[in-house]
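Student: Make a model of this:
(4 chains)
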Number of protein chains: 2
Amino acid sequence: MSVVDAAASVFCREGYAGANIDLIAAEAGVSRQTVYNHHGDKEKLFVAVVRDLTERCNAGIFATIASFPDQPTDLEADLIAFAVRMNRNCICNRDGRFLRKLIQAEGERYPELFAEWRQQGPSRTWSALAARFARLAFAGHLSIGDPDVAARQFLALVNAELQITFMLGGMPTEEEVLRSATNGVRTFLGAFAGKKSPAGKQAALVHA
Amino acid sequence: MSVVDAAASVFCREGYAGANIDLIAAEAGVSRQTVYNHHGDKEKLFVAVVRDLTERCNAGIFATIASFPDQPTDLEADLIAFAVRMNRNCICNRDGRFLRKLIQAEGERYPELFAEWRQQGPSRTWSALAARFARLAFAGHLSIGDPDVAARQFLALVNAELQITFMLGGMPTEEEVLRSATNGVRTFLGAFAGKKSPAGKQAALVHA
DNA sequence: ACAAATTTAGACAGGCTTGTCCAATTCGTC
DNA sequence: GACGAATTGGACAAGCCTGTCTAAATTTGT
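Tutor: Just a heads-up that it's a prediction; the model follows:
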């Protein structure tokens, strides 16, 4: 395990103040001196950990959003599968859980570091997701007022049943993820199911 | 400020390991020795803080649930007002934010302490809320499949727009709380709005 | 006003952690 | 095999924190 990975693990488990450089070195399988040679001091190491996690998490999120069902065959099934992918690959995995915990625990102590995360992560995630939902609405599959609100509510709904598990740092089972996603998507579609006259059809008519 | 209140503040701000008894004493306006006289040691003080917060938060939650609109005049407006009360009095207030942060940061280190919170807090909260929604459904105001799922999704929806603020330990403005509640309740009703033939009417007919 | 209980300030030991220094060892590469 | 670079283990100082102790000051109850 690399030094940064070991540090992520220890910072998450023990908190910044409680994290011990000796323990990080031991967990990484290197000597303490090597940690200092590579990363300078504890604070620089922490920053490196956060940047590393932010980068990997964002990459995973945007890779997953790229698999959004733009042309769904079975909208419910496709959205459920997308929500499960999102949870499995971005939110429940090691990086996601670690980053969330670090943000919650140390976010107030490093405002500039996490402001950067906030702008490059959630803001862009929501925009990208909102654009996909807007497209579904435009094609008549959904009836949405504000796509940004819909995107945030989609994420909130498909995670609704996992919040306690997340709070305690746990990892939900595959079955829990599927159930939460299924219930969430059904409610989402109950609220936003498409109307009979999609915008696409209307536009086609105007052009005809 | 009491010792326990000051300790809650410092534990939240600095984490368990980073919390300094001298700082707690100073913030409480007493000497360090008094802290030790009253609470024994750091760990006992931490347990006292968590128990205190858990108790007060639960009391606030159940007091707020008691104000649930069982016989709504304007269902949307009544649910929005309820959601705002819930957020203001239980989730965004000092105790709620502190307890959440302590659970997230130290939950894994004190499993038995937070298992107790979990059983007396979220479990009972969801049951109580589910019962209220079931009653609304029975009276024909809502059309709900599983009341427990509906209760969790209701809370998830009305907080959907506040999650980032909560993550960073911030306090949303009154306007943000209202907007999130309004958007959440509208989506909730979009998915669960009552049917024309309420169970109550059917029951009345059976009895007639 | 007086006596008991509590609180206070400060000193103090013990332990732990960070970050540095250094000599010895190992590793990568030619 | 040889040479330079990186790694290692350990010692080390300095600082911080916990928890205890003590004697003085303050508050409380009567």
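
Student: does any part of the longest helix belonging to chain A sit near DNA strand C?
Tutor: In chain A, with assignment by DSSP state H, the single longest helix is helix A:42-65. Yes - counting by C-beta under 7 Å from any atom of the strand, contacts between helix A:42-65 and DNA strand C involve A:42-43. In this view, the C-beta of every residue, glycine as well, is placed from N, C-alpha and C.

Student: ok now the helix or strand that comes right after that helix, how far from the chain's centre?
Tutor: Downstream of helix A:42-65, the first helix or strand assigned by DSSP states H and E is helix A:75-86. From the chain centre to the centre of helix A:75-86 is a distance of 15 Å (C-alpha atoms, centre = their mean, to the nearest Å).

Student: packing partners for helix A:75-86?
Tutor: Applying 3 or more C-beta pairs under 8 Å, 6 or more residues apart in numbering or on different chains; DSSP states H and E, one finds that helix A:75-86 makes contact with helix A:42-65, helix A:147-158, helix A:174-192.

Student: possible to save these as a markdown table with mean neighbour count, distance to residue A:72 and mean pLDDT?
Tutor: Converted to a markdown table, the helices and strands packed on helix A:75-86 look like this (neighbours: other C-beta atoms under 10 Å in any protein chain shown; distance: least, C-beta to C-beta, whole Å; pLDDT from 0 to 100):
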| stretch | mean neighbour count | distance to residue A:72 | mean pLDDT |
| --- | --- | --- | --- |
| helix A:42-65 | 18 | 15 | 95 |
| helix A:147-158 | 24 | 14 | 98 |
| helix A:174-192 | 20 | 11 | 98 |
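
Student: Reformat the ones you listed as TSV; add distance to chain B.
Tutor: Output for those, formatted as TSV (distance: least, C-beta to the nearest C-beta, whole Å):
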stretch	distance to chain B
helix A:42-65	12
helix A:147-158	4
helix A:174-192	3
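
Student: Just tell me which of these ends up closest to DNA strand D.
Tutor: With C-beta to the nearest atom of the strand, the closest approach to DNA strand D among the helices and strands packed on helix A:75-86 belongs to helix A:42-65: 13.1 Å.

Student: Need the contact partners of the closest one.
Tutor: Outside of helix A:42-65, the residues within contact range by C-beta atoms under 8 Å, 6 or more residues apart in numbering or on different chains are A:3-4, A:7-8, A:11, A:16, A:19, A:21, A:24, A:35, A:39, A:82, A:85-86, A:89-90, A:93, A:95-96, A:98-99, A:102, A:106, A:110, A:113-114, A:116-117, A:120-121, A:124-125, A:128-129, A:132.

Student: Now a ChimeraX select for only the buried ones of the residues you listed.
Tutor: Buried residues among the contacts of helix A:42-65 (16 or more other C-beta atoms under 10 Å in any protein chain shown), as a ChimeraX selection:
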select /A:3,4,7,8,11,16,19,21,24,35,39,82,85,86,89,90,95,96,98,99,102,106,110,113,114,117,121,125,129,132
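
Student: How about the contacts made by residue A:113?
Tutor: A:47, A:50.

Student: check which helix or strand covers it.
Tutor: Applying DSSP H and E as the criterion places residue A:113 in helix A:111-118.

Student: Compute the distance from the centre of that helix to the centre of its chain.
Tutor: Distance, stretch centre to chain centre, for helix A:111-118: 16 Å (C-alpha atoms, centre = their mean).

Student: Please apply the same query to stretch A:159-179.
Tutor: Relative to its chain's centre, stretch A:159-179 lies at 13 Å (C-alpha atoms, centre = their mean).
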